[in-house]
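Novice: just coords:
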């Protein structure tokens, strides 16, 4: 399979599973406290990744690399999932996902500042346009209760995710990517589970078929396979460009939230979609400049 085709398949998979994650998580939160729910699904995902990574045990180097694993776990898992799962209780799922996906804009800027990735006019315009698209979705996309606390948690989730991705990119030469993904998710999941156990009650979890199915789907496809695909793409390409495609994820989230959660679609959502698609084109397509050669005299 050609590399470009393989990358596109992985991107489509990631966009789909991460898109439907938001309404599914919103549904599951009706049956469990946020931190315990975040911890359970993340620990399960981490265990799956550890089992996948076991044949490469020699590449773990836990004694030398545990500070890297821990830092990445706190940024990309504890803060990201913690802020996300709590924040989903305050705002509609589609709207919250749109706020969180300010992340590609932050990632594009951080990748330029700290990773030395190129920043040219069209890329700047694309990143800004993507932010405007997300803002358009956020401002008028849905009716219902929207709290300032929920918006701030969404922004905090976006910031922690962007910082975590840049940190991972900087350390990618030192670590095995499979073990990095497995360790950060497992360590982060354990921290979330311990924190949840300290402030929430396990007896509040309703272990019905809906909660179990949602949790297992998120653990396997969204967390284990999703993060594995995401970091594989980040490791193989420019972080800012890969991150820009995640602007499509709120579109999937919005569509499924409308169908499953009866959240309303408006003109703002359509306009936001157009702006987001345009931003992806600007960030990812470089227009070649063809130099005009001067013709010799007499020709």
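Specialist: Happy to help now that I have it. All values derive from a computational prediction rather than experimental measurement.
Novice: which residues touch residue 191?
Specialist: Going by CB atoms under 8 Å, 6 or more residues apart in numbering, residue 191 touches 39, 73-74, 77-78. Where you see a C-beta, it was placed from the backbone N, CA and C, and this is true even at glycine.
Novice: secondary structure element for the closest residue to residue 126 other than its chain neighbours?
Specialist: Spatial nearest neighbour of residue 126, excluding adjacent residues (CB to CB, 6 or more residues apart in numbering): residue 282 at 3.0 Å. Assigned by DSSP states H and E, residue 282 falls within helix 267-284.
Novice: residues near residue 61, how many?
Specialist: By other CB atoms under 10 Å, 14 other residues sit near residue 61.
Novice: ramachandran angles for it?
Specialist: Backbone torsions of residue 61, given as degrees, to the nearest 10, read phi 50, psi 50.
Novice: ok, now residue 118?
Specialist: With angles defined as degrees, to the nearest 10, residue 118 sits at phi -70, psi 150.
Novice: same check on residue 176?
Specialist: With angles defined as degrees, to the nearest 10, residue 176 sits at phi -80, psi 130.
Novice: looks like the residue nearest to residue 126 contacts residue 128 (just checking).
Specialist: No. Counting by CB atoms under 8 Å, residue 282 does not reach residue 128; the two are 9.3 Å apart.
Novice: more neighbours, those two?
Specialist: A side-by-side neighbour count of residue 282 and residue 128, using other CB under 10 Å, places residue 282 first with 20 against 14.
Novice: and residue 168, helix, strand or coil?
Specialist: Three-state call for residue 168 (DSSP: H, G, I helix; E, B strand; the rest coil): helix.
Novice: and it, what does it touch?
Specialist: Residues in contact with residue 168, defined by CB under 8 Å, 6+ apart, are 72, 76, 180, 184, 231, 234.
Novice: using PyMOL, define a selection of the buried residues within the residues you listed.
Specialist: Entered in PyMOL, the line below selects the buried ones among the contacts of residue 168, by 16 or more other CB atoms under 10 Å:
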select buried, resi 72+76+180+184+231+234
